[in-house]
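Participant: sequence and predicted structure, then a few things I'm wondering about:
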Amino acid sequence: MRYLLIVLAVVTIFTVFTTVFAASASKNEVRLLPKWIWILVCLLVPGVGGILYLSLGRPKPSAPGAGFGSGGRTRTVAPDDDPEFLRRLRERLSADDGQDESTANGSKDHQHDKDANDEQSPNDGQGPNG
């Protein structure tokens, strides 16, 4: 009885997986039968329908040597591998460096003026009780 429950759970999970996989495929890329028929086959013939869809109906990979599930989709590139992203980042950083230098020079001048005003204080370095 326990093995029957395990087999039933595995077949149910596989049926749900293949049905969702068939439903998410592009209708122009599904092979042999229309997409809606593959969905019905996966649902109405559990296990066997999924195996048939995976072996005969699922979309072929667009590029030779492409892996499972990559049929016709664009490849996501990590930001550190994307030359366009790196170029924009470099431009943004160089623009920020230019702003930081002008801000830093302005704050140094302001600090210098503040130090000069402190030297001319009426207490001449004496405390408040003077």
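Facilitator: Now that the structure is in, tell me what you want to look at. Residues are numbered from 1 along each chain as shown.

Participant: what is the burial count for Tyr32?
Facilitator: If you look again at residue 32, you'll see it is Leu, not Tyr. When neighbours are counted by other C-beta atoms under 10 Å, Leu32 registers 11. C-beta here means a position set from N, CA and C on the backbone, and glycine is covered the same way.

Participant: what's near enough to touch it?
Facilitator: 56-57 (C-beta atoms under 8 Å, 6 or more residues apart in numbering).

Participant: quick check: which element contains it?
Facilitator: Taking DSSP states H and E as the definition, one finds Leu32 inside no helix or strand.

Participant: what score does it have for pLDDT?
Facilitator: At Leu32, the pLDDT value in this model is 87.

Participant: distance check, it against Tyr53.
Facilitator: Distance, Leu32 to Tyr53, by C-beta to C-beta, to the nearest Å: 9 Å.

Participant: report all helices and strands that the helix or strand containing Leu4 contacts.
Facilitator: Assessed by DSSP H and E, Leu4 sits inside helix 2-24. Applying 3 or more C-beta pairs under 8 Å, 6 or more residues apart in numbering; DSSP states H and E, we find helix 2-24 packed against helix 35-44, helix 48-52.

Participant: mean neighbour count added to these, as TSV?
Facilitator: What follows is these, written out as TSV (neighbours: other C-beta atoms under 10 Å):
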stretch	mean neighbour count
helix 35-44	18
helix 48-52	18
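
Participant: identify whichever of the ones you listed lies nearest to Val11.
Facilitator: Closest approach to Val11 among the helices and strands packed on helix 2-24 (C-beta to C-beta): helix 48-52, 8.8 Å.

Participant: which other helices and strands contact that closest one?
Facilitator: Counting by 3+ C-beta pairs under 8 Å, 6+ apart, helix 48-52 packs on helix 2-24, helix 35-44.

Participant: could I get those helices in a markdown table, plus columns for mean pLDDT?
Facilitator: Formatted as a markdown table, those follow (pLDDT from 0 to 100):
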| stretch | mean pLDDT |
| --- | --- |
| helix 2-24 | 92 |
| helix 35-44 | 90 |
